[in-house]
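A.B. asks: Model the following, please.
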Amino acid sequence: QVQLVESGGGLVQAGGSLRLSCAASGRTFSSYTMGWFRQSPGKEREFVAAISTSGGSTFYADSVKGRFTISRDNAKNTVYLQMNNLKSEDTAVYYCAANRQARSRLPTTRPEYDYWGQGTQVTVSS
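C.D. replies: Now for the predicted structure:
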């Protein structure tokens, strides 16, 4: 089992940047595919980005492609989400998630992830 704790959220102006971090407990972090999701009030939780166990493969939602970058440091048991050129529509609670089953493609749906963090709020003012 793995516990996930997000940090780095906050208030930023449109066009600004934030870097989210997700620290994982346990010694098997490098065996988990990791993902970021977000949820705005009244909306479903939506996929943002995913990264393979080695970090060599990534996948992004179209809405963030070219602006967000997911990365991981297996030595530090941490996954990151660098968010640039933020827009008001990026305002949401951001969650990191871990998938423990090896797959041929990176998981992009909520049911595919086994463990979740508590979320961190990102607010972008226009």
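A.B. asks: quick one, strands of this protein?
C.D. replies: Taking DSSP state E as the criterion, the chain carries its strands at 4-7, 10-13, 18-24, 33-39, 46-51, 58-60, 68-73, 78-83, 92-99, 115-116, 120-125.
A.B. asks: for the last one, packing partners?
C.D. replies: In this structure, strand 120-125 makes packing contacts with strand 10-13, strand 18-24, strand 92-99, judged by 3 or more CB pairs under 8 Å, 6 or more residues apart in numbering; DSSP states H and E. No exception for glycine: its C-beta is placed from N, CA and C like everyone else's.
A.B. asks: Give me the most central residue, this structure.
C.D. replies: Geometric centre of the chain, nearest residue: residue 36, 2.2 Å, by CA atoms, centre = their mean.
A.B. asks: ok so, going back, and the strands of the chain, which is most packed in?
C.D. replies: A comparison of those by mean neighbour count, using mean count of other CB atoms under 10 Å, puts strand 33-39 on top with a mean of 24.
A.B. asks: just the angle between it and strand 78-83, please?
C.D. replies: Between strand 33-39 and strand 78-83, the angle comes out at 40 degrees (axes from the mean of the first three to the mean of the last three CA atoms, to 10 degrees).
A.B. asks: Tell me which strands strand 33-39 pairs with, and in which orientation.
C.D. replies: If you go by DSSP bridges, strand 33-39 pairs up with strand 46-51 (antiparallel), strand 92-99 (antiparallel).
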